[in-house]
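Peer 1: here you go, sequence then predicted model.
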There are 2 protein chains.
Amino acid sequence: MGVTIRDVARSAKVSISTVSRVLNDKCNVSDDKRVRVENAARDLGYIPNPAAQSLHSSRTGSLGILLPFVSGEFYAEFLNGVDKTAQGGDWLLMISTSHNSEEELRAALKGMYRRVDGLLIMAPNITAESVLLQPHDDIPIVFVNTRCEDEAISLITFDNYGGMREMTRHVIAQGHTRIGFIRGPVMAFDAAERERGYRDAHAEAGLAIDERLIVPGNYSQQSGHDGAVRLLGQRERPTAIMASNDDSAIGALSAIREAGLDVPSDVALTGFDDVPSARFTVPPLSTVHVPVRELGARSIQVLMECIQTRRIPDPPHFSMDVEVRVRAST
Amino acid sequence: MGVTIRDVARSAKVSISTVSRVLNDKCNVSDDKRVRVENAARDLGYIPNPAAQSLHSSRTGSLGILLPFVSGEFYAEFLNGVDKTAQGGDWLLMISTSHNSEEELRAALKGMYRRVDGLLIMAPNITAESVLLQPHDDIPIVFVNTRCEDEAISLITFDNYGGMREMTRHVIAQGHTRIGFIRGPVMAFDAAERERGYRDAHAEAGLAIDERLIVPGNYSQQSGHDGAVRLLGQRERPTAIMASNDDSAIGALSAIREAGLDVPSDVALTGFDDVPSARFTVPPLSTVHVPVRELGARSIQVLMECIQTRRIPDPPHFSMDVEVRVRAST
DNA sequence: TAGTTTCATGAAAACCTTTTCATGAACCTG
DNA sequence: CAGGTTCATGAAAAGGTTTTCATGAAACTA
């Protein structure tokens, strides 16, 4: 079995209290013994048992990350920011994905009970308030990209609505009046916000929306492809297609080319997220840049601060800036 | 603070031993008390403290996942398979990324000490043997896509060499003789294997390789773009470009189109991995299909079995099948 | 020098479970 | 009915750490 503090104490011929003092406090212990303990610990390769430490301190050194269904570059980027920042603070990450319903999230929350010191939750399909109604540990929780009105809950988000409104303004400014829209997942808060941006920009410009131009999707490439096929098959086909995210835009792009049409001369195309691939489509994709990695980094940053200061940040809600990036697809 | 087994015992008017028995063994306890305990536990919302359980049982219920730098769809897919399978076995995942050097991996290994019951390590830049030379907990370890000769080490991999050899044969069969190759990361085992496949297929066909046709890369879209620019700028430009993975093929595709050339009529293009996007490039990308999600799933499966049976699988090395998928880019 | 303060040190308690052990009571068996 | 089993139950130990408390020695102060 593993080497314990007892082994170190025996080897250094001191009591376990002294060993613990040397390894933690660093005060009130004679140089002689300190050196003996340090040597013994090193020679034996002693590492404190985290379970024992945690039992005593009720601190775990881990952060829980709860995500919805993970796919595509968005999450890889997000996790990158999360992990790098967490490692900087010497935290380990406990990650659990595929939580789309309240049910699943509740189970995950229970599974993480007492195993983590804080939680980062991205739950675009659910409201933050409903998550917190569940019985839960009173550890700090930071929500990301989740619907949340309550100012007592810490939230990091980005402007799904404004980004898509801005992008729609851009497309309208290009002279388009029949603009197709490929929706995101039905239950997703961010998808609804993006659609709202699309609609409001139309209203602003005094453009009526033909509801047939709004087709379903679920953020996947396949759904973007299918959505575009549907839009292009319409009698009076749109001159521009706005996809709810980059993945579905990439799918749409392939459908447009399959139909023998050119982007942007026949059909303009836009995405949302600005994943790395968006710069490498042909033509490069006009999209709404979301600082995904920074989003992950900042979320963890805030969570670490919540844990340290024992209270939620002020202001509790923070929104990252997004920015329209016009490339060759419009 | 949290509700403990004592609280449940007090509330149910029994000893803590009885509570523990009801919640675990389920034997040798009267119906009367069983019901009382169950009700009390439910009403108080009791969840056993994992640290205390772990301290006693020296089991944690967590699996450690150590990955290299994570980016792109490959890892999102892999994690999908991993997480879904782990959840099925009621395990939590402790994930740590960005371990490319022995140094970093050693630190991560130390950080996970006694926090996990098993480890899944993907370390294409290092050998499995060198990782195990580090002092480490004697928990089961499964390596994925890592260089490893030792038959005493459990390994799941896929045929990087054979896949690329097969794909190269396909390209050669199309009549190409000047075939550019965009390398993966210098230290990466899988990248070296893929290059070896490229070379051996040439040798088989009696084709000499012009070393100028092999350019550096690092699996990123940007590096694929840059590599293609370099290849296309050569005096005698290649008629086909094989990228070491799909991401760099996507980058290369954009560079080819920027140069005003057509795929596949001017330049054929291939990738490796078959990430979801590969079907939605224009034209769709010929690539080597790797069952990435299954790879993740199987790896965790094997790890769970190692933990349960307390020994490594027989045979210890397992290779997933890959398959050339010819699409419109060749 | 007597009294007080500082300081290094080890013993022991606490954190929360699970599991072993001991104790009776109720139940058999011959 | 006496001796032996089974069985429900609670007390206590163990798991590895940190922290408090007690102890005694050494260092000060008046």
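Peer 2: Now that the structure is in, tell me what you want to look at. Residues are numbered from 1 along each chain as shown, chains lettered A, B, ... in the order given.
Peer 1: wait, does the helix or strand bottoming out on mean pLDDT in chain A contact chain B?
Peer 2: In chain A, the helix or strand scored least confidently by mean pLDDT, DSSP states H and E is helix A:128-133, which has a mean of 89. No. Counting by Cβ under 8 Å from any Cβ of the partner chain, chain B is not contacted by helix A:128-133; separation bottoms out at 13.3 Å. Heads up, the C-betas are built off the backbone N, CA and C, glycines and all.
Peer 1: which SSE is immediately downstream of that helix?
Peer 2: Later in the chain than helix A:128-133, the nearest helix or strand by DSSP states H and E is strand A:141-144.
Peer 1: returning to that earlier point: who are the packing partners of the least confident helix or strand of chain A?
Peer 2: Here helix A:128-133 touches helix A:102-112, strand A:141-144, going by 3 or more Cβ pairs under 8 Å, 6 or more residues apart in numbering or on different chains; DSSP states H and E.
Peer 1: using CSV, list the CA coordinates for the helix or strand just after the longest one.
Peer 2: Scanning the chain past helix A:102-112 towards its C-terminal end, the next helix or strand to appear is strand A:118-122 (assignment: DSSP H and E). Taking only C-alpha atoms (Å, rounded to 0.1, in the frame of the first residue of the first chain), the coordinates of strand A:118-122 have been written out as CSV:
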residue,chain,number,x,y,z
GLY,A,118,-17.2,24.5,-6.9
LEU,A,119,-19.2,23.9,-10.1
LEU,A,120,-19.2,25.4,-13.5
ILE,A,121,-22.5,24.6,-15.3
MET,A,122,-23.4,25.2,-18.9
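Peer 1: show residues contacting the least confident helix or strand of chain A.
Peer 2: Residues outside helix A:128-133 that contact it (Cβ atoms under 8 Å, 6 or more residues apart in numbering or on different chains) are A:102, A:105, A:109, A:121, A:123, A:141, A:143, A:146-150, A:153, A:155.
Peer 1: highest neighbour count among those residues?
Peer 2: Top of these by neighbour number is A:Phe143, holding 28 neighbours under the definition other Cβ atoms under 10 Å in any protein chain shown.
Peer 1: stretch A:59-76 near DNA strand D anywhere?
Peer 2: No. If you take Cβ under 7 Å from any atom of the strand as the test, stretch A:59-76 misses DNA strand D, and the best it gets is 9.7 Å.
Peer 1: can you list the buried residues in that stretch?
Peer 2: Within stretch A:59-76, the residues scored as buried using 16 or more other Cβ atoms under 10 Å in any protein chain shown are A:60-76.
Peer 1: returning to that earlier point: lowest mean pLDDT across the helices and strands packed on helix A:128-133, which one is that?
Peer 2: For the helices and strands packed on helix A:128-133, mean pLDDT drops lowest on helix A:102-112, to a mean of 91.
Peer 1: can you give me the strands in chain A?
Peer 2: Under the criterion DSSP state E, chain A contains strands at A:62-66, A:92-96, A:118-122, A:141-144, A:154-158, A:179-182, A:214-215, A:240-243, A:268-270, A:287-289, A:317-320, A:323-325.
Peer 1: hmm, back to that, including distance to DNA strand D, could the helices and strands packed on helix A:128-133 go into a markdown table?
Peer 2: As requested, the helices and strands packed on helix A:128-133 are arranged in a markdown table below (distance: least, Cβ to the nearest atom of the strand, whole Å):
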| stretch | distance to DNA strand D |
| --- | --- |
| helix A:102-112 | 20 |
| strand A:141-144 | 25 |
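Peer 1: tell me the contacts of A:Val8?
Peer 2: A:16, A:19, A:37, A:40-41, A:44, A:46.
Peer 1: quick revisit: what is the most widely separated pair among the contacts of helix A:128-133?
Peer 2: By the measure Cβ to Cβ, A:Leu109 and A:Glu149 form the most distant pair in the contacts of helix A:128-133, at 20.4 Å.
Peer 1: show me what counts as buried in the least confident helix or strand of chain A.
Peer 2: Within helix A:128-133, the residues that qualify as buried are A:128, A:131-132, counting by 16+ other Cβ under 10 Å.
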